[in-house]
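> Mind folding the following:
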Amino acid sequence: QVQLVESGGGLVQAGGSLRLSCAASGRTFRSATMGWFRQAPGKEREFVAAINWNGGTTDYTDSVKGRFTISRDNAKNSVFLQMNSLKPEDTAVYYCAARSTAAGTWRAAGSYTYWGQGTQVTVSL
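Below you'll find the model as predicted:
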């Protein structure tokens with residue numbers, strides 16, 4: 001069992017930065033692949049980034065490559081999403097998720113078992 005709580009969202013101007021944090025509880029966090037997803041109004045939840053259990057492998061959707069960085073600190077049971085050069089199209093609710101299985105692609109929301117409540121990110125012009 002893993003409980004996830006996101007923080008760090010807010011309102012920022014285009015070109016600005018935000019750092020999202022996800023605090024996890026539960027013994028299985030350290031072995032779990034972690035992902036960040038986002039959902040804009042009227043749109044489906046979409047994959048943003050993922051990181052494997054030891055941080056050695058990361059993956060990003062094309063639209064955030066070079067701007068966002070996912071990282072984790074297993075000693076602190078936390079995962080982070082550093083977001084730079086933010087654009088209005090990055091506006092969404094951002095969710096942290098934990099994957100308890102290696103089955104399927106980590107880009108699929110359905111492959112994640114545990115989800116946080118989400119944190120709003122709004123980027124203005």
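> which SS class is residue 110?
Classification of residue 110 by DSSP: H, G, I helix; E, B strand; the rest coil places it in helix.
> measure it to residue 87 for me?
27 Å (Cβ to Cβ, to the nearest Å). C-beta: built from backbone N, CA, C; applies to glycine.
> Neighbour count: those two, which is higher?
The neighbour comparison of residue 110 against residue 87 (other Cβ atoms under 10 Å) goes to residue 87, with 14 against 8.
> give the contact list for the more buried one.
For residue 87, the contact set (Cβ atoms under 8 Å, 6 or more residues apart in numbering) comprises 14, 123.
> what pairs with residue 37 across the strands?
Taking DSSP bridges as the rule, residue 37 bridges to residue 47, residue 95.
> So it versus residue 15, what's the distance?
Going from residue 37 to residue 15 by Cβ to Cβ gives 23 Å.
> which of these two has more neighbours?
A count of neighbours by other Cβ under 10 Å puts residue 37 above the other of residue 37 and residue 15, at 25 against 11.
> Correct me if wrong: that one contacts residue 109.
Yes: counting by Cβ atoms under 8 Å, residue 37 does reach residue 109; the two are 5.8 Å apart.
> Quick check: neighbours shared by these two?
Contact criterion Cβ under 8 Å, 6+ apart; residues shared by residue 37 and residue 109: 45, 47, 97.
> Not counting sequence-adjacent ones, nearest residue to residue 2?
residue 26 (3.9 Å; Cβ to Cβ, 6 or more residues apart in numbering).
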